[in-house]
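[1] Fold the following for me, if possible:
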Amino acid sequence: MTQKHTPDTLDIKDLTPLELRGPLLLAMLDHIPFDGWTLASLNAAALDIGVTREIAELAYPSGPLEVLDSYFEVMNDRLKSELNVEDLPAMKIRDRITRAVRLRMDHNGENKELTRRTFATLALPQNVKRGLSAMWATADTMWVAAGDTSTDHNWYTKRMILSGVYSSVLVYWLSDESENYQDTWDFLDRRIEDVMKIETAKYKMRQNTARLPSLPRFLGRLRYTR
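    Below is the predicted model:
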């Protein structure tokens with residue numbers, strides 16, 4: 001039986017529209033597998049918790065896609081909290097990232113049809129930018145939890161690559177019918193291996209570049225040999 005997200009007891013009359021955002025989101029999750037991220041789902045959620053459509057509109061003035069944004073924030077906060085209690089520093093970097101992706105995929109697997117509907121919504125042309133932002137935010141959550149402290153161009157590169165890894169794994173998983181999604185985890189391992197190869201190549205390139213003659217250093221030495 002599908003788990004209901006609607007709170008059992010909720011004193012609606014004392015909540016402001018801002019405070020209703022959480023309860024509306026939770027209630028709406030029950031309707032996404034059937035109606036998607038639509039106004040129908042938001043209206044049904046309002047009915048579930050006992051508020052009017054007008055109140056729901058005050059809580060989410062930009063409509064269902066604003067609820068979707070809140071959903072990703074909640075999911076990333078959950079991922080961050082769960083990764084923070086794991087002993088990630090004891091792991092190799094590849095294992096940290098692998099663990100982060102698998103944990104997020106476990107969350108997605110709690111309601112696969114909801115995840116499928118979410119991905120389908122983000123795949124629409126008008127929502128591509130929102131989807132890219134969502135993937136980027138998730139990748140950032142993973143890298144921060146993994147201990148990334150980069151501040152240069154590597155900060156962007158790492159998140160861009162991991163966004164691609166996570167999105168490709170998600171697409172693979174949605175059509176995976178193997179037992180316990182073993183094919184997906186094998187696919188993830190291959191993608192992470194590709195990422196590590198890129199990081200190794202970048203490290204070697206930085207080392208080699210550091211050994212190259214430097215014009216500024218050369219000119220500096222000339223200044224002191226005159």
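
[2] Just say helix, strand or coil for the closest residue to A139 other than its chain neighbours.
    Nearest residue to A139 in three dimensions, chain neighbours excluded: L162, at 4.0 Å (C-beta to C-beta, 6 or more residues apart in numbering). Bear in mind the C-beta positions are built from the backbone N, C-alpha and C, glycine included. L162 falls in the helix class when you classify it by DSSP: H, G, I helix; E, B strand; the rest coil.

[3] For G131, see how far away L162 is.
    Separation of L162 from G131 (C-beta to C-beta, to the nearest Å) stands at 15 Å.

[4] Distance of the spatially most central residue of the chain relative to F72?
    The residue lying closest to the centre of the chain (C-alpha atoms, centre = their mean) is T138, at 2.4 Å. Computed with C-beta to C-beta, the distance linking T138 and F72 is 7 Å.

[5] Check S41 too.
    Taking C-beta to C-beta as the measure, S41 falls 16 Å from F72.

[6] Kindly report the same for E54.
    Distance from E54 to F72, by C-beta to C-beta: 26 Å.

[7] More neighbours: which of these two?
    Taking neighbours as other C-beta atoms under 10 Å, E54 and F72 compare with F72 leading, 19 against 9.

[8] where's that one, which helix or strand?
    Secondary structure assigned from DSSP states H and E places F72 in helix 64-84.

[9] Tell me the first helix or strand C-terminal of that helix.
    Moving toward the C-terminus from helix 64-84, the next helix or strand (DSSP H and E) is helix 93-109.

[10] Please name the nearest non-neighbouring residue to R191.
    Among residues not flanking R191 along the chain, V165 sits closest, at 4.7 Å (C-beta to C-beta, 6+ apart).

[11] Show me what the helix holding F72 packs onto, helices and strands only.
    Applying 3 or more C-beta pairs under 8 Å, 6 or more residues apart in numbering; DSSP states H and E, we find helix 64-84 packed against helix 21-28, helix 39-49, helix 93-109, helix 112-122, helix 128-145.

[12] need the ones you listed in CSV with mean pLDDT, can you?
    Formatted as CSV, the helices and strands packed on helix 64-84 follow (pLDDT from 0 to 100):
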stretch, mean pLDDT
helix 21-28, 97
helix 39-49, 97
helix 93-109, 96
helix 112-122, 97
helix 128-145, 97
